[in-house]
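Colleague: I'd like to go over a predicted model; first the sequence, then the structure.
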Amino acid sequence: MTSKLEPPKTTPPYNKSRIAGYFNFNYYQTNFRTEILAGITTFMTMAYILVVHPLIMSDAVFLQESGDLFRELVVVTGITAAIGSLVMGLYGKYPFVQAPGMGTNAFFAYSVVLGLGIDWRVALAAVLIEGLIFIGLTLTDIRRHLITAVPNGIKTATTVGIGLFLAYIGLASSTATGGAGLIVANEVTNTAFGSFREPATLLATLGLFLTAFLLIRRVKGAIFWGIVGTSLLGWALGVANTPKGIMEIPNFPSHLFGQAFVGLSGINGSNIIDFVAVLLVFLFVDLFDTIGTLTGVSTQAGYIDENGELPRANQALSADAIATTTGAILGTSTVTTFAESAAGVAEGGRTGFTAVVAAIMFLLALLFVPIFEAIPAFATAPALTVVGVLMMASVKHIHWEDLTEAIPAFATIFFIPFGFSIAEGLSAGLILYPFTKLASGRTEEVPLVTWILAALFIIRFVFTTLRFG
């Protein structure tokens, strides 16, 4: 049975535009303006990755290399994001945008390279092998079945958890790095409300009101214009640094390209155990980060059918696998589907053309890096927050009166933002789900694959605790 939102097999004869026909604009009741705005909005909420990811990766690479490779890492980040998003848009036909993942890049830099002392080229080799394994898992249909194995209640909870996660990322970003600072660290309570004496915090709050006003007034591109308006205000008032130029020709990442293959030759008896351990963690986190994001954002967009399946799931998962493999060859850590894709969905993006537009923006950004570097984090914080509001609407679909559904759902929602990981939240929910069903004597409601996933999550927790502390 197909999803009610799965496009027809043939393009209607009245759709004159070949592009609109290919992406089934009429079927999804969308148009070029909406899709373009959605793609730009998603890119704007993700533009920070062009700066933040190279900063994290450079902590690992610079330690072992001479010279400034930051710009090369920016180029690799943009190209990898563009490739993954293009494959997702053109092949998967979903409005999901990809880029090197936050979290896995920190694990790559600080736990693997700096913590275990593994050469960064060997770490890239682990990412390369992970990508090849993902391609194999996708071809054998295993990854699609894993999406189906996630119960509908946890799919919905993942949507809500991602919404809270995005809002937390936006509001808790530090004013020291240009963030909103509405949530700050506190020695007594761990976190506290920020101070409006901080100009960035005040502007982020004004941006939140502006974006909310535009949304309530149903202004097209409200989230996008909220980002632009807040950025312009920050530049005009001197709260954020204005762009230090307009265009800049990027250099080819010659020092990074192909280093994963060099890393393969660096695997030996002294590091093989650590290499396998790192590979397994990369596999696990990326696999369930992607599944969590796909199911969460797909539930928000209405793509999940009545059987809990995502149409064209293998195509979407192929984009992730191809991007990860390509990224490793180019010289970056694991690529994944970004939760910020929800911003484009909230803006009305419903087809792969949204992802294509975002991919083009990533490529164009490589020419205009000075401008996108200047977009302050406090300008994107309102966008992430209102997207969180929109994603919270799914919470009403959880069966709270049934504790066997409510407890796993709550754990999923709770641990995604507070564990700062989609994979962690999904794992908590999937471990508790069969346990609650077992406690109620309703084990027939739990598919075999879900039991297997729960066991794998438990093994993974034990393994990572023993290996990485």
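Modeller: Sure, I can see it. Numbering: from 1, shown residues only.

Colleague: CA-only coordinates of the host helix or strand of T412 in CSV, if you can.
Modeller: Assigned by DSSP states H and E, T412 belongs to helix 403-418. C-alpha atoms of helix 403-418 as CSV (Å, rounded to 0.1, in the frame of the first residue of the first chain):
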residue,chain,number,x,y,z
LEU,A,403,1.7,4.1,29.5
THR,A,404,3.4,1.5,27.2
GLU,A,405,3.3,4.2,24.5
ALA,A,406,3.8,7.3,26.7
ILE,A,407,6.9,6.2,28.6
PRO,A,408,9.0,5.3,25.5
ALA,A,409,7.7,8.5,23.8
PHE,A,410,8.6,10.7,26.7
ALA,A,411,12.1,9.2,27.0
THR,A,412,12.6,9.8,23.3
ILE,A,413,11.4,13.4,23.6
PHE,A,414,13.5,14.0,26.7
PHE,A,415,16.8,12.6,25.7
ILE,A,416,17.1,14.1,22.2
PRO,A,417,17.5,17.7,23.4
PHE,A,418,19.1,16.9,26.8
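
Colleague: check which helices and strands that helix sits against.
Modeller: helix 152-172, helix 422-439 (3 or more C-beta pairs under 8 Å, 6 or more residues apart in numbering; DSSP states H and E). For the C-beta atoms, the positions are set from N, CA and C on the backbone; glycine is no exception.

Colleague: where's the longest one relative to the chain centroid, distance-wise?
Modeller: Per C-alpha atoms, centre = their mean, to the nearest Å, the displacement of helix 152-172 from the mean C-alpha position of its chain is 12 Å.

Colleague: relative orientation of it and helix 422-439 in degrees?
Modeller: In terms of direction (axes from the mean of the first three to the mean of the last three C-alpha atoms, to 10 degrees), helix 152-172 departs from helix 422-439 by 150 degrees.

Colleague: for helix 152-172, buried residues please.
Modeller: Buried residues in helix 152-172, counted by 16 or more other C-beta atoms under 10 Å: 152-172.

Colleague: just for the stretch 101-250 of the chain, where's the confidence low?
Modeller: 103, 174-178, 185-192 (pLDDT under 70).

Colleague: how many neighbours does G131 have?
Modeller: By other C-beta atoms under 10 Å, the residues close to G131 number 26.

Colleague: I figured it hits A328, correct?
Modeller: Yes: taking contacts as C-beta atoms under 8 Å, G131 lies within contact range of A328: 5.8 Å.

Colleague: who's in contact with the spatially most central residue of the chain?
Modeller: Per C-alpha atoms, centre = their mean, the C-alpha nearest to the average position across the chain is that of F338, at 1.8 Å. Applying C-beta atoms under 8 Å, 6 or more residues apart in numbering, one finds that F338 lies in contact with 42, 46, 49, 96-99, 101, 293.

Colleague: now do 7 Å
Modeller: 46, 97-99, 293 (C-beta atoms under 7 Å, 6 or more residues apart in numbering).

Colleague: likewise I375?
Modeller: With C-beta under 7 Å, 6+ apart, I375 has these contacts: 47, 231.

Colleague: now it: which helix or strand?
Modeller: Using DSSP H and E, no helix or strand contains I375.

Colleague: what about it, distance to G349?
Modeller: Going from I375 to G349 by C-beta to C-beta, to the nearest Å gives 20 Å.

Colleague: about what we covered before: could you list which of the contacts of F338 belong to strands?
Modeller: Residues of the contacts of F338 located in strands (DSSP state E): 98-99.

Colleague: of the contacts of F338, which is the nearest to N241?
Modeller: M46 (20.1 Å; C-beta to C-beta).

Colleague: which non-adjacent residue is nearest that closest one?
Modeller: Take M46 and drop its neighbours on the chain: the residue closest to it by C-beta to C-beta, 6 or more residues apart in numbering is E340, 4.8 Å away.

Colleague: so V76 sits right up against N251, yeah?
Modeller: No: between V76 and N251 there is no contact under C-beta atoms under 7 Å: 10.9 Å.

Colleague: who has more neighbours, those two?
Modeller: Taking neighbours as other C-beta under 10 Å, V76 and N251 compare with V76 leading, 25 against 11.

Colleague: what's near enough to touch that one?
Modeller: 253, 256, 330-332.

Colleague: and which of those is nearest to K396?
Modeller: T332 (39.2 Å).

Colleague: shouldn't that closest one be within a strand?
Modeller: No: read with DSSP: H, G, I helix; E, B strand; the rest coil, T332 is coil and lies in no strand.

Colleague: circling back: turn the helices and strands packed on helix 403-418 into JSON lines, columns for distance to A455.
Modeller: Putting the helices and strands packed on helix 403-418 into JSON lines (distance: least, C-beta to C-beta, whole Å) gives the following:
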{"stretch": "helix 152-172", "distance to A455": "16"}
{"stretch": "helix 422-439", "distance to A455": "9"}
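
Colleague: indicate which one of those is closest to V262.
Modeller: Per C-beta to C-beta, nearest to V262 of the helices and strands packed on helix 403-418: helix 422-439, 29.2 Å.

Colleague: contacts for the closest one, please.
Modeller: By C-beta under 7 Å, 6+ apart, helix 422-439 touches 150-151, 154, 157-158, 161-162, 165, 285, 288-289, 292-293, 339, 403-404, 407-409, 411-412, 415-416, 419, 443, 445-446, 450-451, 453-454, 457-458.

Colleague: also stretch 138-145?
Modeller: Residues contacting stretch 138-145 (C-beta under 7 Å, 6+ apart): 137, 313-314, 317-318, 321, 449.
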